[in-house]
Structures are given as structure tokens and as C-alpha cells.
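Q: Provided below are the primary sequence and the corresponding predicted coordinates.
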Amino acid sequence: MDMVNIKINGVSYEVPKDSTVLEAARTAGIDIPTLCFLKDINQIGACRMCMVEVKGARSLVAACVYPVNDGMEVFTNSPKVQQSRRMTLELLLSVHERKCLTCDRSGNCELQKLCNDMGIEEEERFAGALPNNITDVSTPYLERNNAKCILCRRCVAACQNQHVSVIGANNRGFDTQIGCAFEAELADVSCVACGQCIVSCPTGALREKDNTQEVIDAINDPEKVVIVQTAPAVRAALGEEFGLPIGTNVEGKMAAALRRLGFDKVFDTDFGADMTIMEEATEFIHRVKEGGTLPMITSCSPGWVKFCEHYYPDLLDNLSTCKSPQNMTGALIKTWYAQKEGIDPSKIVSVSVMPCTAKKFEIKRDDENAAGLPDVDISLTTRELAKMIKKAQLNFNRLPDEKFDDAMGVSTGAAVIFGATGGVMEAALRTAADVLTGEPQDSIDYQEVRGTEGIKEAVYKVAGMDVKVAVASGLSNANKILEKIRAGEADYHFVEIMCCPGGCVNGGGQPVVSSTERSFTDVKAVRAKALYDQDKAMPLRKSHENPVLKKCYEEFLGEPGSHKAHEVLHTSYVKRGY
Amino acid sequence: MQKRISNLPFHDTPEQAQKLEEVIAGLKGQEGAVMPALHQAQDIYGYLPKEVQQKIAKGLNVPLEEVYGVSTFYSQFSLTPKGRNHISVCLGTACYVKGADKVLDRIQQKLGINPEECTEDGAFSLTACRCIGACGLAPVMTVNEDVYGRLEPEEVDGILAKYME
């Protein structure tokens, strides 16, 4: 790599030639404050927070976009720089709704942190008129409050990065507002509910729709049986809300916390994930043998499903008809489990904890009500669960490690890796290989579909047949594969698509990681590792070996793909357009 | 100022629709096509209604939000139609001091529209502008090419009546 010599605050450093001043400084251990900067997603030099002094330059320069050059002398802490930072923050505060004490992001707000770090003492130095701020509470999954928006455009870039682009900066100057075209509300445009905008927001302008009180009310209602399930990716991230390092697997403490919050049963969505594999692998084998629509595309990710309905309605026949693991688990709770335990399903409140905001949309879809009632009544994000734990004043890190309840808490390694890109494909291949050959295969690690690259392709020999697979995460990547399929240029048999880049571990419902941390850590890779490590350590690693699942088929569903299984575990889609 | 969006129904002629199609076809695939498309569309329609922006977005394969973002950013784009008679009230410093706001109020009351809007029958549209260089006549308004100076709010009714036939 070509290197150049620069001086930062009088100290010499050798840095890569193609780095920006910000990258060079951060590598040298000197932080430069940023607000609009979000690595790989938004690098536009708009917020003017990262201004630094460069010797010989006419004015201060924006470190996040300014390239280094040989012999450059940079000052990141001069009085001029300090004054510029203060002024920028004071101007932002002048139009900011400063209700920090009651803000969802208090303690995790980048604006708040910078004001503290920079020693801002005067909130109203530039007090004056306020813009006519938009609020949007139209969807069941997201809320926007532009009174807390700093116009950094990170959400806009995240939406664009997802190939959706339903939000942007409208109007100009003081009247600029982030919103939808023609001032439509989010519910009326082709938003896919992924929530990547939320996890990109530095302040409290964006958040999920909070459903925690409904859950607390249900728990406090003696008439109700409140059953919770948690998705694989939640255990890989929840600990971050309690100060644990990114990538800490907190499955045991999470189960303990849920029990102490008062849930009557604590189940694992992994059970539903195993079930999904049984149904999906069966559906896949059926499509291959009977000449059904190929490639078959996975349907676990509700953001992806909504994207397909809006932008690729012509490919809906390619989608697997399987419900997502969340709704399979929910459906079986209100049918099989309720029947077995003699519980009136209408008394059950089925709650899920998901790394996802789109799940809040999914539970309200038609054809997701196996017992004539919604499969899942309330879906919380990982962040909302953390909020409930904090509200109940549980000392999370000191809780014992406990297990899920047996009835629907038993799962395999195949299910755990559902939370990462490539995981569903690998899990399906593990089962398909065994089923098609009729005997257990020893080699079960499908390395080619692992890792965080946006698009992965592989060919596997399964029972004498070459199975061509593709895996995409992030909708921009998915879009590339879909264009190929639409044009008839792809000869895949099976495609896995996850809406969020890196898969559910990086979902829109996960703890928000600051942009500074995101500059140093590949969050999705570190969280995914927690899941692959767990898979490796599990005694059962193939979905069809799950003993409880076998029992469920024996007692209730019959065979995978049976009529009953279709009634309970499969769904349908709608053409939405855009 | 926040751009006003037309609340009037959109009508176009087959000629207009065809012209727009040609514009889009000519720009398709080009980098930075949104701006010239909006310019030419405004030449065709006189303003940029939602239906036209949707056609541009679909045709150029760019998100509608991007088109809308551009059309609301630049002041030369209008999202409301001009009426057969266009009224412009000067709110520049001299006119304002001489009570132009009261003249504007009177017009708004009389026509039932706000600045940057058009009456439902398409007879009048209204805008509030800054200095037209006739400060000696303050407060000033123009209707089409006609200039009216040293206005009293009470004179508004009579002036408008002249254009109502």
C-alpha cells in the first residue's frame, strides 16, 4: 500500500495514501467528532462537525471527506477548531427539541455525547424560530419526529443503500425536512419496514413503534397466558444494551430475564426456524421434482418479502410459501401447544422479540392466523426488550444462565445460524442433503455461503444433483440477483435473501451502535460469529434431528408439507407495486 | 418557504403527454437527467404536478422522492399551476413598511387562496414576491403585466373585478 507522511497535532504519522484525514486521525488514536458520517453509507461532509485546520488551507476543512497528502499538517484541537465545533453544536441545538431526559436515545445519542464532550453550556445561544417539523406515526413499526432531526441524512443514505429510497430531503434551507415524496406518510409509500434508518440515526428522530406497555399490561392480566419467543439474532446483541462487548451471546441471561419479567412460557424462535427448514426443504425438493417455479427464494425476512411485493411482484411465485420462523412458532403456540396443554388459544398473548422492525408489520399480515387468531400478537425489538428489563430493574449481567422452556425451546445449530446471512441456506442444505441421500452426511459446514459479503454463490452436489445456490443480504445486493432472475439470466435453484446487510444480526431492531464504533468494528461479522460459535458447540446441528419437532409432526402435523402443515405453517403474498 | 403542492385535479392534453414522453425518452439513461426533465416538463405544463413527477421518476428509473426533493429544492420549480391571471404582491421592505401585508390579506380573503395557490376555477393564482423595483409606488402588486401602486387594501376588490369576466 502506498503511504504518505503527515503530521497530526505536531506528531508524525505514516498513513495510507488514499485515506481521509478522519481515517488517518482515528487510526492514530485521535478522534474527530462527526455526525453525518457513517462509514460506507454516508460520507458527504455535510454537518461540518469534523472541521479541522490544515496548514496552508484557506479555511477549515471537513476531515471525513478531505484526502491526506504528503507533508500535510493537520490540527484537530486548535482554538479555531474548538470554536467551530462549539458553534456547529450550538446552531444544531437552536432548532433541536431538547427533551433529553425523556428521549428514547438518551445516553446513546451522538448529539448529546458531543455536547457533553465539547463542554457546551448554553443551549439557547441562538434561540429563535423553529422549523415546521414533520412527525410520522403512520406505520405499525416506525415513528419519525423531525423535531429531533439534525438533517445529517444518514437515514436517507441507509434507505438508498437498501435500494428503497422512499425518504429524502425535501424543500430547502430552514424549511428542509426529511420525509417522503409529496409529503406522503410512510404507510402510504413503498417502505419495506427494515428499520435500517433507525439504526443509522444519531439522535432520537427515529425509533420503532413502542409496544412494551401492551406486553406489560398482558403480563399483569391474570386471565392471559403470555408466551414469548426470541429470534436467534437477539441473543447475539441484547448484551450490548447492558454494556457487554459486541458479539457476546447472552442466551442464558435472556431466558432468565424473560422469566423474571413474568412471561408464562419462554420459547425459542429457533424451534420455528427448525420447522421452517423442514417445510422449506420439503417444498424445495418438491419444486425440483415436480417442475415448480425455480429458483425458490426464502421467505423468512419480512422486509425482503415486502420489498418483493412492492418492487418484484412478478417474482412472488418464486417465494417459498413458508411462514417465517416467528409466525411458525406463533402458529404452533396457538394450535399444537394450546391443544396439548388445554389452553384456550384466545387467552394466549403471543409475544415475539425480534432483531427486526418489519416483524411488527409481518404479524399484521393476512393469512398469518392459523388458529383464527393472529399467530403473534405483539412483536418487540431487541431494544424494546432491553427497555423492559431496565424498567423492571433487573440486573441483567448478574442473572443466572437459564434455559428456554422445553415444550418449544429445543432447537439445533441449524436454527441458530438463521440470524446471519447464509444461515438459512446452510441449514436447508444440511437437511436436504440428508433427506435426499437417505443417510446422515458428515460434512455439514457449508463455508462458501458464510461470511458477510453481500452476494455469495456456490454449487453443491446433493444426492447426485448439482444444486446452484445464491445468497444475498441487503436489498441492493438482492436487487442485483433479482434483476438477473427477472431477465432469465440466472440458473439458480435456491436463493436466500435477507433484507438487512449481513442478515438479522444487523437488523433494524437491534441495539444502535454509534458511528464511531461502526468505523472500527464490522458489527454484523462479530455478532454473526457468536451464532456460528453456538452452532458449532451444539450437540444437534441439523433441523430434522430436533426431537420436539419430530414429536410435533407425529402428534399434530403429520408429514412435512402435509395438508395440515400447509394450513398452519404456510402463507400467501400480495402484489403491492410502488 | 415550503413549496405548496397543488390540490387541484390534474388535466393534460394528448399533445402534452406525448411531449413529456419524448422528453423522458431523450434523457433516459443519462447522468443527472432529473433537472433537465423537470425544466422541460415545467415548460410543457406550466408547473410540476405529482402525476408529471411520477412519470419522470418511472421513466428515468429514479425514486420519486429524489425527483420531489429536487423539485422542492430549486425555487424556479413550481408545484402549483398558474391561473389565467397571475397576481404578484410585493413584500419587499418598502412595500411591507407601507402595508403590503394588508393588501395580500385582502386578496387571500377575497379569492380564498394562499400564496403559491390557484383558485379552483383556474382564474387567479397568487404569489408573494420580493422587490420588483417600484419602491416609489409602494405598496405594489402586479396582475399579469399590469402594475398597481400606492395601494389601499380597499382597492383590491375593484382591481380583481376587472379580471373576473
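A: Nice, thanks for sending it over. Numbering: from 1, shown residues only, chains lettered A, B, ... in the order given.
Q: so who does whichever residue of the stretch 201-350 of chain A sits closest to chain B touch?
A: Nearest residue of the stretch 201-350 of chain A to chain B: A:Tyr311, at 11.0 Å (Cβ to the nearest Cβ). All C-beta atoms are positioned from the backbone trio N, CA, C, and that covers glycine. By Cβ atoms under 8 Å, 6 or more residues apart in numbering or on different chains, the contact list for A:Tyr311 reads A:Ser190, A:Asn479, A:Tyr578.
Q: before we move on, what SS does the first one have?
A: Right, A:Ser190. coil (DSSP: H, G, I helix; E, B strand; the rest coil).
Q: could you report the pLDDT at it?
A: Model confidence at A:Ser190, given as pLDDT, is 97.
Q: report pLDDT for the residue of the stretch 201-350 of chain A closest to chain B.
A: 97.
Q: and it, its phi and psi?
A: phi -110, psi -20 (degrees, to the nearest 10).
Q: likewise for A:Ile348?
A: Torsion angles, degrees, to the nearest 10, at A:Ile348: phi -80, psi 130.
Q: please apply the same query to A:Tyr532.
A: phi -70, psi -30.
Q: helix, strand or coil for the closest residue to it other than its chain neighbours?
A: Closest residue to A:Tyr532 apart from its sequence neighbours, by Cβ to Cβ, 6 or more residues apart in numbering or on different chains: A:Ile417 at 6.1 Å. At A:Ile417, secondary structure determined by three-state DSSP is helix.
Q: wait, doesn't A:Ile417 sit right on A:Ala428?
A: No: counting by Cβ atoms under 8 Å, A:Ala428 is not a contact partner of A:Ile417; they are 11.0 Å apart.
Q: the two - which one has more neighbours?
A: Legend: neighbour count by other Cβ atoms under 10 Å in any protein chain shown for A:Ile417 and A:Ala428, higher for A:Ile417 (29 against 26).
Q: how near is the more buried one to A:Glu545?
A: 15 Å (Cβ to Cβ, to the nearest Å).
Q: ok, A:Thr76 - contacts?
A: A:Ile8, A:Asn9, A:Ala25, A:Ile30, A:Ile32, A:Val52, A:Glu53, A:Ala63.
Q: what's the burial count for the fifth one?
A: Spelled out, it's A:Ile32. A:Ile32 has 26 nearby residues by other Cβ under 10 Å.
Q: if I look at it, what pLDDT would I see?
A: A:Ile32 is given a pLDDT of 97.
Q: let's verify the residue of the stretch 351-500 of chain A found nearest chain B: helix, strand, or coil?
A: Of all residues in the stretch 351-500 of chain A, the one sitting closest to chain B is A:Glu483 (11.7 Å; Cβ to the nearest Cβ). Under three-state DSSP, A:Glu483 falls in the helix class.
Q: who in chain B is up against chain A?
A: Proximity of chain B to chain A is confined to B:1-3, B:5, B:50, B:53, B:63-69, B:72-75 under the rule Cβ under 8 Å from any Cβ of the partner chain.
Q: buried sites along stretch A:223-243?
A: Across stretch A:223-243, burial judged by 16 or more other Cβ atoms under 10 Å in any protein chain shown covers A:224-242.
Q: same question, stretch A:98-115
A: A:Cys100, A:Cys103, A:Asp104, A:Arg105, A:Asn108, A:Cys109, A:Glu110, A:Leu111, A:Gln112, A:Leu114, A:Cys115.
Q: from those, pick out the ones that also neighbour chain B.
A: Of the buried residues of stretch A:98-115, not one also sits near chain B (Cβ under 8 Å from any Cβ).
Q: and which of those residues is nearest A:Leu373?
A: Using Cβ to Cβ, A:Asp104 is the member of the buried residues of stretch A:98-115 that lies nearest A:Leu373, at 30.6 Å.
Q: which residues sit in contact with that closest one?
A: Per Cβ under 8 Å, 6+ apart, neighbours of A:Asp104: A:Gly204, A:Arg207, A:Asp210.
Q: ditto for A:Gln447
A: Contacts of A:Gln447 (Cβ under 8 Å, 6+ apart): none.
Q: what does A:Gly179 give?
A: A:Ile134, A:Asp136, A:Arg144, A:Asn146, A:Ile167, A:Gly168, A:Asn170.
Q: and what of A:Pro560?
A: A:Met278, A:Glu279, A:Ala281, A:Thr282, A:Tyr553.
Q: cool, B:Phe73 as well?
A: Contacts of B:Phe73 (Cβ under 8 Å, 6+ apart): A:Ala169, A:Asn171, A:Arg172.
Q: buried residues in the lengthiest helix in chain B?
A: If you go by DSSP state H, chain B has its longest helix at helix B:14-27. Of all the residues in helix B:14-27, those buried under the rule 16+ other Cβ under 10 Å are B:Lys19, B:Leu20, B:Val23, B:Ile24, B:Leu27.
Q: same deal with stretch B:152-165?
A: For stretch B:152-165, by 16+ other Cβ under 10 Å, it's B:Pro153, B:Val156, B:Ile159, B:Leu160.
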